[in-house]
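J.: predicted structure and sequence below. I'll ask about it afterward.
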2 protein chains.
Amino acid sequence: MSRPNRKVVIVGGGFAGIEAAKRLGKCDCVDVIMIDKSNHHVFQPLLYQVAMAGLDPSDIASPIRSMLSSFRNVRTLLGNVTGVDVERRLVYSDAGKFEFDYLVVACGAVHSYFGNDQWEQHAPGLKSLPQATEIRRRVLLAFEQAERTDDPTEQYHWMTFVIVGGGPTGVELAGAIAEMARYTLKRDFRSIDASLARVILVQAGERILEQFPDDLSEYSKQALESIGVEVRLGDQVTEVTDRGVQIGDHFLQARTVIWAAGVQASPLGQSLGVPTDRSGRVVVEPDLSIPGKRNIFVAGDMASVKDEDGKGLPGLAPVAIQQGRYLGELISREAQCFVIDRPAPERSRFKYLDKGQMATIGRRRAVAQSGRFKLTGRLAWMAWLLIHIAYLNGFRNRTFVFLSWAWSYLTFARGARLIVPKNWRITKTSGPAKTRG
Amino acid sequence: MSRPNRKVVIVGGGFAGIEAAKRLGKCDCVDVIMIDKSNHHVFQPLLYQVAMAGLDPSDIASPIRSMLSSFRNVRTLLGNVTGVDVERRLVYSDAGKFEFDYLVVACGAVHSYFGNDQWEQHAPGLKSLPQATEIRRRVLLAFEQAERTDDPTEQYHWMTFVIVGGGPTGVELAGAIAEMARYTLKRDFRSIDASLARVILVQAGERILEQFPDDLSEYSKQALESIGVEVRLGDQVTEVTDRGVQIGDHFLQARTVIWAAGVQASPLGQSLGVPTDRSGRVVVEPDLSIPGKRNIFVAGDMASVKDEDGKGLPGLAPVAIQQGRYLGELISREAQCFVIDRPAPERSRFKYLDKGQMATIGRRRAVAQSGRFKLTGRLAWMAWLLIHIAYLNGFRNRTFVFLSWAWSYLTFARGARLIVPKNWRITKTSGPAKTRG
């Protein structure tokens, strides 16, 4: 007689969680619960395009529920996980508490303001769809405000955009804002010349795209400058307000600031009661389990993993995807052994196969690096396009993203230039204003 | 020597305002300012498809600024108009005050809760994009909540949807929810059977689609019932709470209520100091000017206009479009005469050319009526598709809407099933919660 199925709980429907769930969905010895606080999986590498009005939120997002609906042993729940009892093997959430035999925690990361959380209201980060639409709203609104005012100084401040952080996200945002101002918006205004918008990329380090080889960083800097972005290296932002940023003893006036600097792991990692690194990431074992608990795993941006050379793995989609697959296979194998009452095989360590990395600069250039192989310019950009479309979830998203890009490329237009207000209500009778009337 | 150009201010970038601006853009004797409180024009007839996750907001919206950018004499401003001084010919707004020789007021309508504005929080209406995404959020969230709970009564209440109002919007929403539950969501849940969702359309009148001929109303009712919608006729909603609606002496338990009943004109009409009808619409002269002021016009859903037979015109897109064109031509003509110092010709009255009306029921049926010609079923649905695509603004939107529909039709999937939270911020240091820590 066989033993019961193993219960697996996955927290987080990002790249790691989805890949793990897909593998486990094919294993008939496990029952899986996938919990995420939102109902959709987001293709994070294209989030900046939503922020820049090039793509729609739904182009890069898919309902987790329908991504996993063909796996009858996977149950998807919308819920906030509030804590984990590692000893009693329980996950607590606002959707109920769940027992597990195996737990995969993969809730990703948010931006870090290095202890200055009050900066966030003035400088949104870019890790989720609501943040992307907020950035879109701010950038488009800034041009509208500049058009509305007669004061040239105010116009200048509305048309100054500061992006803090020179990683891929910062580079992609800076390039996109500069080109949107130059091409898309140029003809649309009467009082301002949108193409005169000032875009400043502030990087604390000595070069942008620090994970890339030196020459690619240098190429990217020149490419950004050629489309009008000012790149400031070695500059530390020490204050952010609604009027701009403080850099050293100079206050840079700008009504729009976007944060693309530090990263901080989801706080759920800390609740596991094991050591975390400076960014709040859980320092995991070579098999991604947490110290002392072989059945609890952390993956994706929440995990601090070192490869065999002792080098830390970057917070990239391919890392998360490979980790998710690895965990799905590991748990499937052990669950099968458990059900037929055989001893589980020795666990092998997680090995990251580094296929390389890439970043785009504006509408025609990119940098790509894979091992010793490097590529820049138009060819890199085309490689970037193809790879990102290939990795998108689902035929529909692929088709629509491809068409949106083709459309934008040919017309310089951006299809999603909507400033959508946050409040949907017309009447507000609950407030005191109306009851007076 | 010719006299200076005439200043025209248009308030509102809906169908009427946009059409007027496009006509005036071709006239070199006018300078036009277009003010709208949002940056985009919305194709209202397809708003329900955004609410039902079939289309993206940007599929049916276009930036007003770029729609009008080719007309160099038109300036577009994002702004809230706060008042009009009809004597001094001034428009006041948060984007500044503007003089006018001609004023076109076309700010549309919102839903009316018949003096019970507190109902809005429990039963959103559908007149704008934020409202459409709010309805989408609520409908999708209701199924998620039903899946989360173990209590069958709670599940039942979460899976009960009430739509108040049996006009085209109510009929289209009811049909879409019923079919989404039946086809799109059916396979995605584990604890609930989404196809058992109860959809109730509550209509105060004796038949739905009252503007249509009797037999089309009856056909629509049967078509709705055949896809599982309960149609309740002659039922008045007397209370709305977060748990459902009161109908007569029965309280109908439902966690999701959508308001598609009465209409109320934008309050700006009342500030013009002229008579308004019961719905707040300005009663205009046959040339759409307000009584006593030949240079101030009201158009679209804000205007109460009677045709030559004394019958009131309905609040439909074609009426607004034709009124906008009429005003654009009228003002162009008079401005040309003014500049060359000739007397203006007599004004002819606005005449509505009634091409008919249509409404869809679910994914394969519609009703259409044009004069004495009537159409139902699949053929009417195909006519509806073609006409709506033809009237959409811009090649891009047409292509994307067509592809989305083709995709949904073939796969039963809905591309935009995203529940996007309203708050984009991760940290909330300003509140008291964090400062304690």
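T.: On my side now, so go ahead. Residues are numbered from 1 along each chain as shown, chains lettered A, B, ... in the order given.
J.: and A:Glu172, what does it touch?
T.: Listed by C-beta atoms under 8 Å, 6 or more residues apart in numbering or on different chains, the contact set of A:Glu172 reads A:48, A:359-361. All C-beta atoms are positioned from the backbone trio N, CA, C, and that covers glycine.
J.: please apply the same query to A:Leu77.
T.: Neighbour list for A:Leu77: A:33-36, A:93, A:95, B:144, B:147-148 [criterion: C-beta under 8 Å, 6+ apart].
J.: same thing with A:Val339?
T.: Contact analysis of A:Val339 by C-beta under 8 Å, 6+ apart lists A:2-6, A:29.
J.: and it, how close does it get to A:Gly262?
T.: 44 Å (C-beta to C-beta, to the nearest Å).
J.: check A:Gly17 too.
T.: From A:Gly17 to A:Gly262 the distance is 23 Å (C-beta to C-beta).
J.: and these two? which has more neighbours close in?
T.: Neighbour totals were compared for A:Gly17 and A:Gly262, and A:Gly17 leads with 29 against 18 (other C-beta atoms under 10 Å in any protein chain shown).
J.: before we move on, which element is that one in?
T.: In the assignment (DSSP states H and E), A:Gly17 maps to helix A:15-25.
J.: how far away is the closest residue to A:Leu141 other than its chain neighbours from B:Val86?
T.: Once flanking residues are discounted, A:Leu141 sits nearest to A:Ile419: 5.6 Å by C-beta to C-beta, 6 or more residues apart in numbering or on different chains. Relative to B:Val86, A:Ile419 is positioned 30 Å away (C-beta to C-beta).
J.: all helices of the stretch 301-437 of chain A, in order?
T.: All helices of the stretch 301-437 of chain A, identified by DSSP state H, counting those that start in this stretch, fall at A:317-339, A:377-391, A:395-411, A:432-436.
J.: A:Leu353 against A:Gln322, yeah?
T.: Yes - applying C-beta atoms under 8 Å, one finds A:Leu353 in contact with A:Gln322, separated by 6.5 Å.
J.: those two - which one has more neighbours?
T.: Between A:Leu353 and A:Gln322, counting by other C-beta under 10 Å, A:Gln322 is the more crowded of the two (22 against 7).
J.: and the closest residue to that one other than its chain neighbours, how far is that from B:Pro124?
T.: Using C-beta to C-beta, 6+ apart and skipping the chain neighbours, the partner closest in space to A:Gln322 is A:Tyr352 (5.9 Å). According to C-beta to C-beta, A:Tyr352 and B:Pro124 sit 47 Å apart.
J.: re the thing from before, same list, the helices of the stretch 301-437 of chain A, but as a markdown table with distance to B:Arg294 and mean pLDDT please.
T.: Output for these, formatted as a markdown table (distance: least, C-beta to C-beta, whole Å; pLDDT from 0 to 100):
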| stretch | distance to B:Arg294 | mean pLDDT |
| --- | --- | --- |
| helix A:317-339 | 63 | 96 |
| helix A:377-391 | 57 | 90 |
| helix A:395-411 | 42 | 82 |
| helix A:432-436 | 35 | 31 |
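J.: turn the ones you listed into a markdown table, including distance to B:Leu392.
T.: Putting the helices of the stretch 301-437 of chain A into a markdown table (distance: least, C-beta to C-beta, whole Å) gives the following:
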| stretch | distance to B:Leu392 |
| --- | --- |
| helix A:317-339 | 35 |
| helix A:377-391 | 26 |
| helix A:395-411 | 15 |
| helix A:432-436 | 37 |
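J.: deepest in the core, which of the ones you listed is it.
T.: Counting by mean count of other C-beta atoms under 10 Å in any protein chain shown, helix A:317-339 has the highest mean neighbour count of the helices of the stretch 301-437 of chain A, with a mean of 21.
J.: just want the angle from it to helix A:377-391.
T.: Put simply, helix A:317-339 runs at 30 degrees to helix A:377-391, going by axes from the mean of the first three to the mean of the last three C-alpha atoms, to 10 degrees.
J.: can I get helix A:317-339 in CSV, CA atoms only?
T.: Extracted in CSV, the C-alpha atoms of helix A:317-339 (Å, rounded to 0.1, in the frame of the first residue of the first chain):
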residue,chain,number,x,y,z
ALA,A,317,14.8,36.0,-14.1
PRO,A,318,17.0,33.1,-15.4
VAL,A,319,18.3,32.4,-11.9
ALA,A,320,14.8,32.3,-10.5
ILE,A,321,13.5,30.1,-13.4
GLN,A,322,16.3,27.6,-13.0
GLN,A,323,15.9,27.5,-9.2
GLY,A,324,12.2,26.9,-9.6
ARG,A,325,12.8,24.0,-12.0
TYR,A,326,15.5,22.6,-9.7
LEU,A,327,13.1,22.6,-6.7
GLY,A,328,10.2,21.2,-8.7
GLU,A,329,12.3,18.3,-9.8
LEU,A,330,13.9,17.8,-6.4
ILE,A,331,10.6,17.7,-4.5
SER,A,332,8.9,15.5,-7.2
ARG,A,333,11.7,13.0,-6.9
GLU,A,334,11.6,12.9,-3.1
ALA,A,335,7.8,12.7,-3.1
GLN,A,336,7.8,9.8,-5.4
CYS,A,337,10.2,7.9,-3.2
PHE,A,338,8.2,8.7,-0.2
VAL,A,339,4.9,7.4,-1.7
